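**Q** here's a sequence, model it:
(one chain, ligands or ions: 1)
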Amino acid sequence: MAKRTAKRASAKRPPAAGTPARRDGLGPKIVVAPPGPKSKAALARKEKFVSNGLKVGLPIDLVRGDGPFVTDADGNVYVDLGGGIGVHTAGHRPASVIEAAKAQLDRLTHICYMVSTYGPYTDLAERFAQIAPAGLTKSLFVNSGSEAVENAVKVARAYTKRAKILSFRTAFHGRTLLGISLTGKEKPYKEGFGPFVREVILADYPYTYRDPQGRRAAEVAKARIEEIERLITAPDAAGFVAAIIAEPVQGEGGFIVPPKEFFPLLRKLCDAHGILLIDDEVQAGMGRTGTMWAIEHWKTTPDVLVSGKAVAGGLPFGGVTGKPEVMDAPQPGGLGGTFGGNPVVCAAALEAIDVIQAAIPKVARVEALLAKRLVEIGSTHPRVGEVRGIGAMWALEFVKDRRTKEPDPELARAVQLAGLSKGLMLLTAGFYGNCVRLLPPINIPLPLMETALDLLEDALEAALSGKAS
Ligand SMILES: Cc1ncc(COP(=O)(O)O)c(C=O)c1O
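**A** Numbering: from 1, shown residues only. Next up is the predicted model:
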């Protein structure tokens, strides 16, 4: 058996597949090794009728979600540490969110805000003006994070009358052609889909762990800012950059937490060159990091904030919120869409924001537990290159060798699959695909989080010993 952390060694070993693993009566329950027969049948149908371009990460078919748990078609219950990619920040189906959506379904499902106004949209816009960073008081609602990114860029171009956008190589801003133009990662996002939006400049994010010169965080931040300044003042860009779009903590890139100096310096740089700062909070925002918006940690106010994922508690949402003069720059009729800001989605969002806001004080305890246990796990497993995170957003970056830092995406995948057999839904991430990321509900009971972390360590040990599933 692999060497165990001190705390883990004293804990009761969670049982193998077939029995529930619980510290205090709460936990996953595996009744048949996943994928069970019903999940297998569902996946066979997927192969037949759904595009191969849509890759399914976990070989199970889900039938319900309750708070921190999901249940598959074969009756297995998992702790959901992915939240449908960062959506279920307050767990699956918070009661008040479901009630509000149901009540709205009984009143008005759709009319389109370009046809006539309706209360939930305007109420949500007013709510955003209260919760957004100071001065960002006008909003536009759309159907996804990608669509919100598209509109943020349109607004920034209309306001600055400039075309170029600076983004980051390890960023992710969605799957539309502009979204994939804003990232550097070829596989699987860009390969075969070009040509891309050509007015995009890609720079390096301050990814301290992989700084080629091994510098300290503050130095990495300074070096990256100097490089960005060089890019935006070069003859092919000077005076043409409308906006810099940045995630306050990179999500798909592998939960890269920037040095605290980075965003204040970026803000300064934007101001010096008349460039807008677009803050993409689709993954890190809405309470996930312990503040409403992750950029609050960096004491920086953006010009435009992009939101999505968690905002409507499980319904499809994208938001663009900005300074009024910026949001009003496009000509009337220049923005819109049939379903954006749908009444049911907005009614759900108004409740989900309240539920998340009330749960934010709980994040500090989840963060302390995650940090402590993951650092313990990292310190006893040399294939964990780095443990990093903030709030309820943590990742393990796996490497083949701590010295060379060669990425190990196969190990991340093996941990993910071993986790599934033990009752955990885990997601991978990372520019190199070599991270396992944890996005638990911020209101997860701490004993359940402890159980899940024990199982994660078991999954890592199983993956390392080649017994991943
Ligand atoms: C930071 C960020 N921006 C934008 C998006 C795109 O959002 P959506 O998948 O809702 O289009 C994502 C999705 O993961 C994201 O993480």
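**Q** quick check, pLDDT for the spatially closest residue to residue 77 that is not a sequence neighbour.
**A** The shortest distance from residue 77 to any non-neighbouring residue, by C-beta to C-beta, 6 or more residues apart in numbering, is to residue 29 (4.3 Å). (Each C-beta comes from the backbone N, C-alpha and C, glycine too.) For residue 29, the model assigns a pLDDT of 96.
**Q** residue in the protein nearest to the ligand?
**A** residue 145 (2.3 Å; C-beta to the nearest ligand atom).
**Q** list the contacts for the closest residue in space to residue 369 that isn't next to it in sequence?
**A** Using C-beta to C-beta, 6+ apart and skipping the chain neighbours, the partner closest in space to residue 369 is residue 449 (5.6 Å). Contacts for residue 449 were tallied using C-beta atoms under 8 Å, 6 or more residues apart in numbering; they are 366, 369, 370, 440.
**Q** pretty sure residue 449 sits in a helix.
**A** Yes. Assessed with DSSP: H, G, I helix; E, B strand; the rest coil, residue 449 lies in a helix.
**Q** residue 34 versus that one, what's the distance?
**A** Remark: distance between residue 449 and residue 34 (C-beta to C-beta, to the nearest Å) = 21 Å.
**Q** what of residue 188?
**A** Taking C-beta to C-beta, one finds residue 188 at 24 Å from residue 34.
**Q** please apply the same query to residue 250.
**A** 30 Å.
**Q** same deal with residue 140?
**A** Distance from residue 140 to residue 34, by C-beta to C-beta: 41 Å.
**Q** go on, residue 414?
**A** Residue 414 sits 15 Å away from residue 34, going by C-beta to C-beta.
**Q** quick one on the thing from earlier: my guess is the residue of the chain closest to the ligand contacts residue 318. True?
**A** Yes. With contact defined as C-beta atoms under 8 Å, residue 145 reaches residue 318; the gap is 5.3 Å.
**Q** what's opposite the nearest residue to residue 69 once chain neighbours are set aside in the beta bridge?
**A** Nearest residue to residue 69, sequence neighbours excluded (C-beta to C-beta, 6+ apart): residue 77, at 5.4 Å. Counting by DSSP bridges, residue 77 is bridged to residue 29, residue 71.
**Q** change the start of the numbering to 869 and stick with it
**A** Got it, first residue is 869 now, which makes that one residue 945.
**Q** tally of neighbours for residue 945?
**A** Neighbour count for residue 945, taken as other C-beta atoms under 10 Å: 18.
**Q** surely it meets residue 900?
**A** No. Contact criterion C-beta under 8 Å: residue 945 and residue 900 do not qualify, at 11.6 Å.
**Q** centroid-nearest residue for the chain?
**A** The centroid of the chain falls nearest to residue 1151 when counting by C-alpha atoms, centre = their mean (2.9 Å).
**Q** okay, it: pLDDT?
**A** So residue 1151 comes in at 98 (pLDDT).
**Q** so it: helix, strand or coil?
**A** Relying on three-state DSSP, one would call residue 1151 coil.
**Q** any idea what the nearest residue to residue 946 once chain neighbours are set aside is bridged to?
**A** Excluding its sequence neighbours, the residue lying closest to residue 946 (C-beta to C-beta, 6+ apart) is residue 1293, at 4.7 Å. In this entry, residue 1293 is beta-bridged to residue 948, by DSSP bridges.
**Q** what's residue 1293 in contact with, if anything?
**A** Neighbours of residue 1293 in contact, by C-beta under 8 Å, 6+ apart: 926, 938, 946, 947, 948, 949, 950, 1287.
**Q** count the residues that sit near the first one.
**A** This means residue 926. Under the criterion other C-beta under 10 Å, the count of neighbours that residue 926 has is 20.
**Q** check the secondary structure at it for me.
**A** Under three-state DSSP, residue 926 comes out as coil.
**Q** tell me which helix or strand the closest residue to it other than its chain neighbours sits in.
**A** Distances taken as C-beta to C-beta, 6+ apart put residue 1288 closest to residue 926, at 5.7 Å, once the chain neighbours are dropped. Residue 1288 is located in helix 1277-1290, with elements delineated by DSSP states H and E.
**Q** next: residue 1035.
**A** Under the criterion of DSSP H and E, residue 1035 resides in strand 1032-1036.
**Q** for that strand, which outside residues touch it?
**A** 1021, 1024, 1041, 1050-1052, 1065, 1067-1073, 1096, 1099-1100, 1105, 1108-1115, 1118, 1121, 1143.
**Q** does any bit of it sit next to the ligand?
**A** No. On the criterion C-beta under 6 Å from any ligand atom, strand 1032-1036 is out of touch with the ligand, staying 10.8 Å away.
**Q** partner strands of that strand, parallel or antiparallel?
**A** strand 1068-1071 (parallel), strand 1109-1114 (parallel).
**Q** where does the stretch 1069-1218 of the chain come near the ligand, residue by residue?
**A** So far as C-beta under 6 Å from any ligand atom goes, the stretch 1069-1218 of the chain lies against the ligand at 1115, 1119, 1120, 1148, 1150, 1151, 1176.
**Q** mind checking which of those residues land in helices?
**A** Among those, DSSP state H puts none in helices.
**Q** you'd agree residue 961 is up against residue 938?
**A** No. Under the criterion of C-beta under 8 Å, residue 961 is not in contact with residue 938, lying 10.7 Å apart.
**Q** so these two - more neighbours on which side?
**A** Taking neighbours as other C-beta under 10 Å, residue 961 and residue 938 compare with residue 938 leading, 23 against 15.
**Q** so what pLDDT did the nearest residue to the more buried one once chain neighbours are set aside get?
**A** Computed as C-beta to C-beta, 6+ apart, the closest residue to residue 938 that is not its neighbour in sequence is residue 948, at 4.8 Å. Residue 948 is assigned a predicted lDDT (pLDDT) of 98.
**Q** quick check, residue 1257 in a strand?
**A** Yes. Counting by three-state DSSP, residue 1257 is part of a strand.
**Q** show me what it is bridged to.
**A** residue 1262.
**Q** how many neighbouring residues does it have?
**A** 20.
**Q** how far away is the residue of the chain positioned farthest from its centre from residue 1324?
**A** What lies farthest from the middle of the chain is residue 1103; by C-alpha atoms, centre = their mean that is 35.1 Å. As judged by C-beta to C-beta, residue 1103 and residue 1324 stand 50 Å apart.
**Q** buried stuff in stretch 1126-1134?
**A** 1126, 1127, 1129, 1130, 1131, 1133, 1134 (16 or more other C-beta atoms under 10 Å).
**Q** including pLDDT and secondary structure, could those residues go into TSV?
**A** Output for the buried residues of stretch 1126-1134, formatted as TSV (pLDDT from 0 to 100; DSSP: H, G, I helix; E, B strand; the rest coil):
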residue	pLDDT	secondary structure
1126	98	coil
1127	98	coil
1129	98	coil
1130	98	helix
1131	98	helix
1133	98	helix
1134	98	helix
